[in-house]
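A.B. asks: curious how this folds, go ahead:
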Amino acid sequence: MAVSLGMRVSGLLVVGAVAVAVAAFTGGGSGTPDGGGGHGAIVTVGPSDSARSPASPLPPAPRQSPAGQAGPTALPSTPGHTQRTTASPAGASPTPSPTHGNSLLLSPAWLPPEPVSPDADHTPDPSGVYDGLRNPGQCRAAHDLVPAASADPEWRVIRALATACLAVQGRGGSWDSAAEEYAGLSGKADTCKGRAGYAVLGGLLDFHRRHPGATVRLRASGGTPACAYRVAGVDTGGDGEAQPGETVAVELRDLCFDPSELLRSGSVFIDGRQLAGPPVLRSQAGDRLVLSAVVPSLADYPRPVDVVVRYGTTEARLKHAFTVVAPAALPSPGVPSGSPQRVLPLGPLPAHLPGP
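C.D. replies: Residues are numbered from 1 along each chain as shown. Modelled structure (predicted):
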(Lines give C-alpha, C1' and ligand atoms only; values in the text may rest on other atoms or scores of the structure.)
Protein backbone atom coordinates (compact mmCIF):
# COMPACT_ATOMS: atom_id res chain seq x y z
CA MET A 1 0.00 0.00 0.00
CA ALA A 2 2.87 2.38 0.84
CA VAL A 3 4.58 1.61 -2.44
CA SER A 4 1.44 2.36 -4.40
CA LEU A 5 1.07 5.75 -2.65
CA GLY A 6 4.69 6.66 -3.37
CA MET A 7 4.32 5.86 -7.03
CA ARG A 8 1.25 8.09 -7.18
CA VAL A 9 3.11 11.00 -5.57
CA SER A 10 6.04 10.57 -8.01
CA GLY A 11 3.63 10.60 -10.94
CA LEU A 12 2.06 13.83 -9.77
CA LEU A 13 5.48 15.44 -9.44
CA VAL A 14 6.42 14.41 -12.99
CA VAL A 15 3.16 15.81 -14.42
CA GLY A 16 3.69 19.11 -12.61
CA ALA A 17 7.22 19.48 -13.91
CA VAL A 18 6.07 18.84 -17.46
CA ALA A 19 3.36 21.50 -17.13
CA VAL A 20 5.84 24.08 -15.85
CA ALA A 21 8.21 23.35 -18.72
CA VAL A 22 5.44 23.65 -21.31
CA ALA A 23 4.33 27.00 -19.88
CA ALA A 24 7.89 28.32 -19.98
CA PHE A 25 8.46 27.34 -23.61
CA THR A 26 5.09 28.61 -24.86
CA GLY A 27 5.50 32.09 -23.31
CA GLY A 28 2.52 31.76 -21.08
CA GLY A 29 4.32 33.55 -18.21
CA SER A 30 3.12 37.12 -17.92
CA GLY A 31 6.31 38.30 -16.24
CA THR A 32 8.68 37.27 -19.06
CA PRO A 33 10.64 40.38 -20.26
CA ASP A 34 11.14 39.18 -23.82
CA GLY A 35 8.98 36.26 -24.81
CA GLY A 36 10.22 36.22 -28.40
CA GLY A 37 13.97 36.16 -27.90
CA GLY A 38 14.34 39.69 -29.38
CA HIS A 39 12.18 39.18 -32.51
CA GLY A 40 8.98 41.22 -32.87
CA ALA A 41 9.57 43.34 -29.74
CA ILE A 42 8.00 46.81 -29.61
CA VAL A 43 10.33 49.58 -28.45
CA THR A 44 8.36 52.67 -27.47
CA VAL A 45 9.97 56.11 -27.40
CA GLY A 46 8.12 58.08 -24.73
CA PRO A 47 4.93 56.94 -22.96
CA SER A 48 3.47 53.61 -24.07
CA ASP A 49 0.27 53.47 -26.08
CA SER A 50 -1.55 50.95 -23.89
CA ALA A 51 -4.94 52.54 -24.57
CA ARG A 52 -5.07 51.17 -28.11
CA SER A 53 -7.24 48.10 -28.48
CA PRO A 54 -5.50 45.19 -30.25
CA ALA A 55 -8.37 45.10 -32.70
CA SER A 56 -8.21 48.84 -33.52
CA PRO A 57 -6.95 49.50 -37.06
CA LEU A 58 -3.78 51.52 -37.60
CA PRO A 59 -4.18 54.94 -39.24
CA PRO A 60 -4.02 54.88 -43.04
CA ALA A 61 -0.59 55.23 -44.64
CA PRO A 62 0.33 58.88 -45.25
CA ARG A 63 -0.25 60.11 -48.77
CA GLN A 64 2.12 62.38 -50.62
CA SER A 65 0.79 65.88 -51.18
CA PRO A 66 0.89 66.92 -54.86
CA ALA A 67 3.38 69.60 -53.85
CA GLY A 68 5.40 67.31 -51.58
CA GLN A 69 8.75 65.72 -52.10
CA ALA A 70 10.83 62.90 -50.75
CA GLY A 71 12.73 64.33 -47.84
CA PRO A 72 12.97 64.34 -44.07
CA THR A 73 9.74 63.31 -42.40
CA ALA A 74 7.93 65.65 -40.06
CA LEU A 75 5.36 65.05 -37.35
CA PRO A 76 2.29 67.08 -36.44
CA SER A 77 2.96 69.47 -33.59
CA THR A 78 0.18 68.12 -31.34
CA PRO A 79 1.61 67.38 -27.86
CA GLY A 80 1.75 63.79 -26.62
CA HIS A 81 2.55 62.14 -29.94
CA THR A 82 4.93 59.23 -29.72
CA GLN A 83 6.80 57.13 -32.20
CA ARG A 84 7.11 53.35 -32.00
CA THR A 85 10.04 51.49 -33.45
CA THR A 86 9.68 47.84 -34.38
CA ALA A 87 12.82 45.81 -33.82
CA SER A 88 14.07 44.17 -37.02
CA PRO A 89 16.26 41.12 -37.51
CA ALA A 90 19.91 41.49 -36.62
CA GLY A 91 21.78 43.91 -38.88
CA ALA A 92 18.67 45.83 -40.02
CA SER A 93 17.71 49.33 -38.98
CA PRO A 94 14.63 49.88 -36.81
CA THR A 95 11.55 50.86 -38.80
CA PRO A 96 9.37 53.68 -37.41
CA SER A 97 5.64 53.03 -37.49
CA PRO A 98 2.81 55.47 -36.77
CA THR A 99 1.06 55.29 -33.41
CA HIS A 100 -2.42 56.42 -32.47
CA GLY A 101 -3.04 60.01 -33.60
CA ASN A 102 0.35 60.23 -35.28
CA SER A 103 1.28 60.10 -38.98
CA LEU A 104 4.51 60.70 -40.84
CA LEU A 105 4.31 63.60 -43.29
CA LEU A 106 6.49 64.54 -46.20
CA SER A 107 7.65 68.14 -46.22
CA PRO A 108 6.16 70.20 -49.06
CA ALA A 109 8.51 71.20 -51.86
CA TRP A 110 10.45 74.39 -51.36
CA LEU A 111 11.92 76.86 -53.87
CA PRO A 112 13.84 75.41 -56.84
CA PRO A 113 17.50 76.41 -57.12
CA GLU A 114 19.60 78.89 -59.08
CA PRO A 115 20.66 80.74 -61.09
CA VAL A 116 21.63 83.28 -58.45
CA SER A 117 20.92 86.89 -59.36
CA PRO A 118 23.84 89.32 -59.49
CA ASP A 119 23.30 92.50 -57.48
CA ALA A 120 25.59 95.26 -58.71
CA ASP A 121 23.56 98.07 -57.11
CA HIS A 122 23.00 96.27 -53.75
CA THR A 123 19.35 97.33 -53.79
CA PRO A 124 16.78 94.66 -52.83
CA ASP A 125 14.67 93.44 -55.75
CA PRO A 126 12.30 90.44 -56.02
CA SER A 127 14.82 88.22 -57.82
CA GLY A 128 17.55 88.84 -55.25
CA VAL A 129 15.23 88.37 -52.26
CA TYR A 130 14.02 85.11 -53.85
CA ASP A 131 17.63 83.87 -53.65
CA GLY A 132 17.79 84.64 -49.93
CA LEU A 133 14.40 83.01 -49.39
CA ARG A 134 15.76 79.69 -50.68
CA ASN A 135 17.15 79.25 -47.17
CA PRO A 136 13.96 78.51 -45.17
CA GLY A 137 15.64 79.85 -42.05
CA GLN A 138 15.71 83.33 -43.62
CA CYS A 139 11.97 83.68 -44.22
CA ARG A 140 11.49 86.46 -41.67
CA ALA A 141 14.49 88.42 -42.97
CA ALA A 142 13.15 88.10 -46.53
CA HIS A 143 9.68 89.20 -45.41
CA ASP A 144 11.14 92.34 -43.84
CA LEU A 145 12.84 93.31 -47.13
CA VAL A 146 9.54 93.48 -49.05
CA PRO A 147 8.23 97.05 -49.41
CA ALA A 148 5.09 97.15 -47.27
CA ALA A 149 2.99 99.16 -49.73
CA SER A 150 4.24 97.59 -52.98
CA ALA A 151 1.56 96.43 -55.42
CA ASP A 152 4.13 94.84 -57.76
CA PRO A 153 3.04 91.19 -58.32
CA GLU A 154 6.63 89.98 -58.01
CA TRP A 155 6.99 91.57 -54.56
CA ARG A 156 3.56 90.31 -53.51
CA VAL A 157 4.54 86.73 -54.38
CA ILE A 158 7.69 87.04 -52.25
CA ARG A 159 5.73 88.50 -49.32
CA ALA A 160 3.05 85.77 -49.41
CA LEU A 161 5.69 83.07 -49.78
CA ALA A 162 7.66 84.35 -46.77
CA THR A 163 4.43 84.51 -44.72
CA ALA A 164 3.51 80.91 -45.59
CA CYS A 165 7.10 79.80 -44.90
CA LEU A 166 6.83 81.13 -41.34
CA ALA A 167 3.37 79.63 -40.84
CA VAL A 168 4.21 76.10 -42.02
CA GLN A 169 7.23 76.02 -39.72
CA GLY A 170 5.25 77.25 -36.71
CA ARG A 171 7.19 80.50 -36.48
CA GLY A 172 4.35 82.98 -36.99
CA GLY A 173 3.06 84.10 -40.36
CA SER A 174 -0.55 84.03 -41.49
CA TRP A 175 -2.24 81.35 -43.56
CA ASP A 176 -5.19 83.65 -44.25
CA SER A 177 -2.94 86.39 -45.63
CA ALA A 178 -1.02 83.92 -47.78
CA ALA A 179 -4.23 82.40 -49.17
CA GLU A 180 -5.67 85.83 -49.98
CA GLU A 181 -2.55 86.86 -51.89
CA TYR A 182 -2.47 83.55 -53.74
CA ALA A 183 -6.02 84.06 -54.98
CA GLY A 184 -5.31 87.64 -56.06
CA LEU A 185 -2.08 86.85 -57.90
CA SER A 186 -3.41 84.21 -60.27
CA GLY A 187 -1.79 84.75 -63.69
CA LYS A 188 0.04 87.93 -62.65
CA ALA A 189 3.57 86.66 -61.97
CA ASP A 190 5.43 87.12 -65.26
CA THR A 191 9.05 86.24 -64.41
CA CYS A 192 10.59 82.79 -64.05
CA LYS A 193 11.30 83.26 -60.34
CA GLY A 194 7.89 84.81 -59.76
CA ARG A 195 6.15 81.85 -61.39
CA ALA A 196 8.27 79.36 -59.43
CA GLY A 197 7.47 81.15 -56.15
CA TYR A 198 3.75 81.22 -56.94
CA ALA A 199 3.74 77.45 -57.62
CA VAL A 200 5.52 76.72 -54.32
CA LEU A 201 3.06 78.96 -52.46
CA GLY A 202 0.21 76.88 -53.87
CA GLY A 203 1.93 73.71 -52.64
CA LEU A 204 2.24 75.11 -49.10
CA LEU A 205 -1.43 76.08 -49.03
CA ASP A 206 -2.40 72.62 -50.30
CA PHE A 207 -0.30 71.03 -47.53
CA HIS A 208 -2.04 73.21 -44.93
CA ARG A 209 -5.49 72.22 -46.22
CA ARG A 210 -4.62 68.53 -45.90
CA HIS A 211 -2.89 68.84 -42.52
CA PRO A 212 -4.28 71.95 -40.77
CA GLY A 213 -2.56 71.31 -37.44
CA ALA A 214 0.84 70.23 -38.76
CA THR A 215 4.12 72.11 -38.81
CA VAL A 216 7.20 70.95 -40.66
CA ARG A 217 10.77 71.99 -41.16
CA LEU A 218 11.36 73.08 -44.74
CA ARG A 219 14.64 72.44 -46.48
CA ALA A 220 16.30 73.87 -49.59
CA SER A 221 15.57 71.63 -52.56
CA GLY A 222 17.51 70.71 -55.67
CA GLY A 223 16.14 69.80 -59.04
CA THR A 224 15.59 71.88 -62.15
CA PRO A 225 16.57 75.56 -61.82
CA ALA A 226 13.76 78.09 -61.78
CA CYS A 227 15.19 80.09 -64.70
CA ALA A 228 16.84 79.08 -67.98
CA TYR A 229 18.51 82.43 -68.72
CA ARG A 230 19.68 82.44 -72.35
CA VAL A 231 20.02 84.28 -75.66
CA ALA A 232 16.89 83.04 -77.41
CA GLY A 233 17.82 84.42 -80.86
CA VAL A 234 19.19 87.27 -82.96
CA ASP A 235 16.99 89.01 -85.52
CA THR A 236 18.94 90.25 -88.54
CA GLY A 237 15.93 90.99 -90.70
CA GLY A 238 15.03 87.48 -91.81
CA ASP A 239 18.03 86.19 -93.79
CA GLY A 240 20.38 85.41 -90.88
CA GLU A 241 23.04 87.75 -92.28
CA ALA A 242 24.20 91.25 -91.41
CA GLN A 243 26.92 93.62 -92.57
CA PRO A 244 29.23 95.65 -90.34
CA GLY A 245 27.48 98.78 -89.13
CA GLU A 246 23.99 97.25 -89.28
CA THR A 247 21.83 96.95 -86.14
CA VAL A 248 20.56 93.55 -85.01
CA ALA A 249 18.09 92.63 -82.21
CA VAL A 250 19.32 90.28 -79.46
CA GLU A 251 16.49 88.56 -77.55
CA LEU A 252 17.03 87.36 -73.96
CA ARG A 253 14.66 85.00 -72.14
CA ASP A 254 14.17 83.97 -68.49
CA LEU A 255 16.10 86.86 -66.97
CA CYS A 256 17.00 85.89 -63.40
CA PHE A 257 17.84 89.42 -62.21
CA ASP A 258 16.67 93.02 -62.36
CA PRO A 259 16.75 94.08 -66.06
CA SER A 260 17.66 97.65 -65.14
CA GLU A 261 20.95 96.39 -63.70
CA LEU A 262 21.86 94.74 -66.99
CA LEU A 263 21.24 98.00 -68.87
CA ARG A 264 23.59 99.83 -66.51
CA SER A 265 26.32 97.26 -65.88
CA GLY A 266 26.05 94.62 -68.60
CA SER A 267 27.92 94.18 -71.86
CA VAL A 268 27.34 92.59 -75.29
CA PHE A 269 29.97 90.70 -77.30
CA ILE A 270 29.82 89.76 -81.00
CA ASP A 271 32.52 87.37 -82.20
CA GLY A 272 34.38 88.01 -78.94
CA ARG A 273 34.46 91.80 -79.45
CA GLN A 274 32.84 93.88 -76.75
CA LEU A 275 30.52 96.51 -78.15
CA ALA A 276 31.01 100.08 -77.03
CA GLY A 277 28.77 101.32 -74.23
CA PRO A 278 26.16 99.51 -72.13
CA PRO A 279 23.40 97.42 -73.74
CA VAL A 280 20.67 99.38 -75.49
CA LEU A 281 17.08 98.38 -74.70
CA ARG A 282 14.68 97.85 -77.57
CA SER A 283 11.72 96.27 -75.74
CA GLN A 284 10.85 94.48 -72.50
CA ALA A 285 8.00 92.22 -71.35
CA GLY A 286 8.28 90.32 -68.07
CA ASP A 287 11.49 88.28 -68.14
CA ARG A 288 11.90 88.79 -71.92
CA LEU A 289 14.30 91.52 -72.99
CA VAL A 290 15.35 92.66 -76.50
CA LEU A 291 18.59 94.58 -76.97
CA SER A 292 19.91 96.51 -79.96
CA ALA A 293 23.50 95.80 -81.08
CA VAL A 294 25.61 97.23 -83.91
CA VAL A 295 27.62 94.67 -85.90
CA PRO A 296 31.38 95.38 -85.71
CA SER A 297 33.89 95.10 -88.58
CA LEU A 298 35.71 91.78 -88.82
CA ALA A 299 38.94 90.64 -90.43
CA ASP A 300 37.37 88.27 -92.94
CA TYR A 301 33.94 87.54 -94.41
CA PRO A 302 31.59 85.72 -94.43
CA ARG A 303 31.86 84.58 -90.84
CA PRO A 304 29.39 82.96 -88.39
CA VAL A 305 29.62 84.69 -85.04
CA ASP A 306 28.65 83.99 -81.42
CA VAL A 307 26.68 86.51 -79.38
CA VAL A 308 27.29 86.82 -75.62
CA VAL A 309 25.48 88.97 -73.06
CA ARG A 310 27.35 89.24 -69.77
CA TYR A 311 26.40 90.78 -66.45
CA GLY A 312 28.29 90.06 -63.24
CA THR A 313 28.73 86.30 -62.90
CA THR A 314 25.97 85.46 -65.40
CA GLU A 315 26.56 84.89 -69.08
CA ALA A 316 24.15 84.00 -71.86
CA ARG A 317 25.68 82.73 -75.10
CA LEU A 318 24.28 81.76 -78.49
CA LYS A 319 26.74 80.03 -80.79
CA HIS A 320 26.63 80.85 -84.51
CA ALA A 321 23.86 83.34 -83.85
CA PHE A 322 24.13 84.88 -87.36
CA THR A 323 26.61 85.42 -90.20
CA VAL A 324 28.52 88.64 -90.81
CA VAL A 325 29.02 89.25 -94.53
CA ALA A 326 31.30 91.69 -96.33
CA PRO A 327 30.02 95.24 -96.65
CA ALA A 328 28.58 96.27 -100.02
CA ALA A 329 31.25 97.49 -102.49
CA LEU A 330 31.40 101.27 -102.94
CA PRO A 331 32.18 102.87 -106.37
CA SER A 332 35.88 103.73 -106.76
CA PRO A 333 36.71 107.45 -107.04
CA GLY A 334 37.91 108.58 -110.56
CA VAL A 335 36.77 110.02 -113.89
CA PRO A 336 33.47 108.53 -114.92
CA SER A 337 33.27 106.95 -118.38
CA GLY A 338 31.41 108.69 -121.24
CA SER A 339 31.11 112.36 -122.11
CA PRO A 340 29.77 114.82 -119.61
CA GLN A 341 26.46 116.34 -120.49
CA ARG A 342 26.56 119.73 -122.33
CA VAL A 343 30.27 119.30 -123.19
CA LEU A 344 31.25 118.80 -126.80
CA PRO A 345 34.11 116.51 -127.70
CA LEU A 346 37.35 118.30 -128.29
CA GLY A 347 38.49 118.10 -131.92
CA PRO A 348 40.67 120.01 -134.45
CA LEU A 349 39.70 123.65 -134.89
CA PRO A 350 39.80 125.38 -138.32
CA ALA A 351 42.90 127.54 -138.84
CA HIS A 352 42.41 131.29 -138.68
CA LEU A 353 43.89 132.68 -141.81
CA PRO A 354 44.98 136.33 -141.82
CA GLY A 355 43.32 138.62 -144.32
CA PRO A 356 45.04 140.05 -147.43
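A.B. asks: from here on, just use CA atoms for contacts and neighbour counts.
C.D. replies: Fine.
A.B. asks: does Q138 touch V129 like I think?
C.D. replies: No: contact status for Q138 versus V129: not in contact, 10.0 Å apart, counting by Cα atoms under 8 Å.
A.B. asks: neighbour count: those two, which is higher?
C.D. replies: Per other Cα atoms under 10 Å, whichever of Q138 and V129 has more neighbours is V129, with 21 against 14.
A.B. asks: how far away is the closest residue to P113 other than its chain neighbours from L111?
C.D. replies: Nearest in space to P113, with sequence neighbours left out and distances taken as Cα to Cα, 6 or more residues apart in numbering, is P225 at 4.9 Å. Note on P225: its distance to L111, by Cα to Cα, to the nearest Å, is 9 Å.
A.B. asks: who has more neighbours, those two?
C.D. replies: Set P225 next to L111 and count neighbours by other Cα under 10 Å: L111 wins out with 27 against 16.
A.B. asks: any idea which element that one lies in?
C.D. replies: Using DSSP states H and E, L111 maps to neither a helix nor a strand.
A.B. asks: test my guess that R217 contacts A109.
C.D. replies: No: taking contact to mean Cα under 8 Å, the distance of 11.0 Å between R217 and A109 leaves them out of contact.
A.B. asks: what about the two, which has more around it?
C.D. replies: For R217 and A109, the more surrounded residue by other Cα under 10 Å is A109, and the numbers stand at 24 against 18.
A.B. asks: can you map out the strands along this structure?
C.D. replies: Along the chain, the stretches classed as strands by DSSP state E are 42-45, 68-74, 83-86, 95-98, 105-108, 230-235, 241-242, 247-253, 267-270, 273-274, 280-285, 288-294, 303-311, 314-324.
A.B. asks: can you list the weak-confidence ranges in the stretch 101-250 of the chain?
C.D. replies: Across the stretch 101-250 of the chain, the ranges flagged by pLDDT under 70 are 101-104.
A.B. asks: can you give me the helices in it?
C.D. replies: Chain-ordered helices for the stretch 101-250 of the chain, with DSSP state H, counting those that start in this stretch as the definition, fall at 126-133, 139-145, 153-168, 175-184, 192-210.
A.B. asks: what's stretch 217-229 in contact with?
C.D. replies: Residues from elsewhere that reach stretch 217-229 (Cα atoms under 8 Å, 6 or more residues apart in numbering): 74, 107-115, 134-136, 165, 168-169, 192-193, 196, 252-256, 316.
A.B. asks: can you give me the end-to-end span of stretch 141-151?
C.D. replies: 20 Å.
A.B. asks: from now on call the first residue 18
C.D. replies: Noted, 18 is the first residue going forward, which turns the last one into stretch 158-168.
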